[in-house]
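**Q** this one's structure only:
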């Protein structure tokens, strides 16, 4: 899957992909939506033109046939076995309250939509540790102004296109704040490369040319020029915030205006704004200056005060090594373990599934490092980041917000490393709460 497929995933009953790994796009989004997902089923073959799925043993499944996806075991079953709906009854809630009394590490949820936030609240998460804002731009009424912004030739034209997105972003954040009333909400500013929002097929290019009133040849050239050899290491994250600052200006304004709107009816909101893919202190300084200016403007326009926290998402080895410098300009640091694992190993999380099972079977890796946090390589970098971050800012809040946040062994590492809280997909929150309690009790018992 690609980011633009998120609308299809919202209406799907389950996800099955031929490519991918434990933390590829399909796995992360499927997990967040509570969809049973099996990704990287390389031994199956999809013949899209014929609408046929061919299993490893040669069986053929056609459009309309029923299969069952078991996201826990990774099995794909033919037909529809009997199933039982999970129940959040009083016994479950009482049991989980005991777990909360015993654990000593915070548990938040990764939530991008109001539905995610409601699920997180229902599972008693202690706030949102990661809200990815890029998925908000793929809706039908948003993708066109987003593309107009990408094609704009001047800052003024970019601001004009973004002004149409501002009220939509503000409404998104206002609803999130109201659902999570009284709890922290950490919003990650725009992260992916811009070309992910552009079409690549002929029909899409023609529609875009018509919407922008430009020749198809011009649009095609522009789209091709924006392509990157390695987008994961290219123009994304905080680099976009510095090169195209109007995007972060708009998002910061939407967050601050939503803060004031949501605070009218309920508990005061104190949003946390997170800068992605930071590697240097100067990046934080540059973006912080602009965000502070937006905050001052909103305070003057509305005649009301508010507070916010600014933090960084540490996803590169260099950020771990320079955490003491970065922490001086941040209220919190959150380790993005998905990308940090990619960069530490030099592995693509979307392609590693092709050979990872061979590596685990032959003992190269004890476990898929995207599934269970690697304590020796990635873990050592995190420990360095924790120690140096606290050296630079004694009161800094530290967390992880990758998919490892819901894995019991990874939570054990976080407790040992001195992490304040973990953030995981909403449906993994109960597992994380229980695992944290078991670890605390085991330590007490000795």
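**A** Received the coordinates, thanks. It should be emphasised that the depicted structure is a prediction, and the values quoted were computed from it without experimental measurement. Residues are numbered from 1 along each chain as shown.

**Q** residue ranges with poor pLDDT in the protein?
**A** For the chain, the stretches with pLDDT under 70 are 3, 22-23, 266, 268.

**Q** tell me the centre residue of it?
**A** The centroid of the chain falls nearest to residue 132 when counting by CA atoms, centre = their mean (4.7 Å).

**Q** for that one, phi and psi?
**A** Torsion angles at residue 132 (phi, psi; degrees, to the nearest 10) stand at phi -80, psi 120.

**Q** once you drop chain neighbours, what's closest to it?
**A** Nearest residue to residue 132 in three dimensions, chain neighbours excluded: residue 112, at 4.9 Å (CB to CB, 6 or more residues apart in numbering). Using the backbone N, CA and C atoms, a C-beta is placed for each residue, glycine as well.

**Q** okay, now that neighbour: neighbour count?
**A** A count of nearby residues for residue 112, using other CB atoms under 10 Å, gives 23.

**Q** swap in residue 126?
**A** Residue 126 has 18 neighbours, counted by other CB under 10 Å.

**Q** quick check: bridge partners of the residue nearest to the centre of the chain?
**A** Applying DSSP bridges to residue 132 gives these bridge partners: residue 188.

**Q** next up, the contacts around it.
**A** By CB atoms under 8 Å, 6 or more residues apart in numbering, residue 132 lies in contact with 110, 112, 188, 191.

**Q** could you redo the last one with a cut-off of 10 Å?
**A** Neighbouring residues of residue 132 by CB atoms under 10 Å, 6 or more residues apart in numbering: 3, 28-29, 32, 110-113, 116, 187-192, 276, 401.

**Q** relative to residue 66, how far out is residue 76?
**A** Between residue 76 and residue 66 the distance is 11 Å, computed by CB to CB, to the nearest Å.

**Q** more crowded one of these two?
**A** residue 76 (19 against 9).

**Q** pull up the pairing partners for the host helix or strand of that one, direction included.
**A** Assigned by DSSP states H and E, residue 76 falls within strand 75-78. Its sheet considered, strand 75-78 pairs with strand 67-70 (antiparallel) by DSSP bridges.

**Q** which residues of the stretch 201-350 of the chain fall in strands?
**A** Here the stretch 201-350 of the chain has its strands, by DSSP state E, counting those that start in this stretch, at 272-275, 309-314, 332-335.

**Q** list the buried residues of the last one.
**A** What that stands for is strand 332-335. Neighbour-count burial for strand 332-335, counted by 16 or more other CB atoms under 10 Å, picks out 332-335.

**Q** now do stretch 110-126
**A** 110-113, 116-121, 123-126.

**Q** and stretch 144-164, by the same measure?
**A** In terms of neighbour count (16+ other CB under 10 Å), stretch 144-164 has its buried residues at 145-152, 158, 161-162, 164.

**Q** circling back to that earlier point, next step: the contacts of residue 132 restricted to strands.
**A** Using DSSP state E, 110, 187-188 are the members of the contacts of residue 132 that sit in strands.

**Q** can you tell me which of those residues lies nearest to residue 421?
**A** Closest approach to residue 421 among the ones in strands among the contacts of residue 132 (CB to CB): residue 110, at 12.1 Å.

**Q** tell me the contacts of the residue nearest to the closest one when sequence neighbours are not counted?
**A** For residue 110, ignoring the flanking residues on the chain, the nearest one in space by CB to CB, 6+ apart is residue 130 at 4.2 Å. Residues near residue 130 by CB under 10 Å, 6+ apart: 32, 108-112, 185-188, 272, 274, 276, 313, 334, 336, 399-402, 405, 423-425.

**Q** what do you get for residue 267?
**A** Neighbour list for residue 267: 177-178, 180-183 [criterion: CB under 10 Å, 6+ apart].

**Q** longest helix anywhere in this protein?
**A** helix 155-179 (DSSP state H).

**Q** that helix packs against which elements?
**A** If you count contacts as 3 or more CB pairs under 10 Å, 6 or more residues apart in numbering; DSSP states H and E, helix 155-179 packs onto helix 114-122, strand 128-132, helix 140-151, strand 185-188, helix 245-263.

**Q** what's the angle from that helix to helix 245-263?
**A** Helix 155-179 and helix 245-263 are oriented at 30 degrees to each other (axes from the mean of the first three to the mean of the last three CA atoms, to 10 degrees).

**Q** any idea of the angle helix 155-179 forms with helix 140-151?
**A** Going by the same axes, to 10 degrees, helix 155-179 makes 140 degrees with helix 140-151.

**Q** thinking again about what came up before, make TSV out of the helices and strands packed on helix 155-179 and add distance to residue 376.
**A** Output for those, formatted as TSV (distance: least, CB to CB, whole Å):
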stretch	distance to residue 376
helix 114-122	32
strand 128-132	25
helix 140-151	41
strand 185-188	28
helix 245-263	36
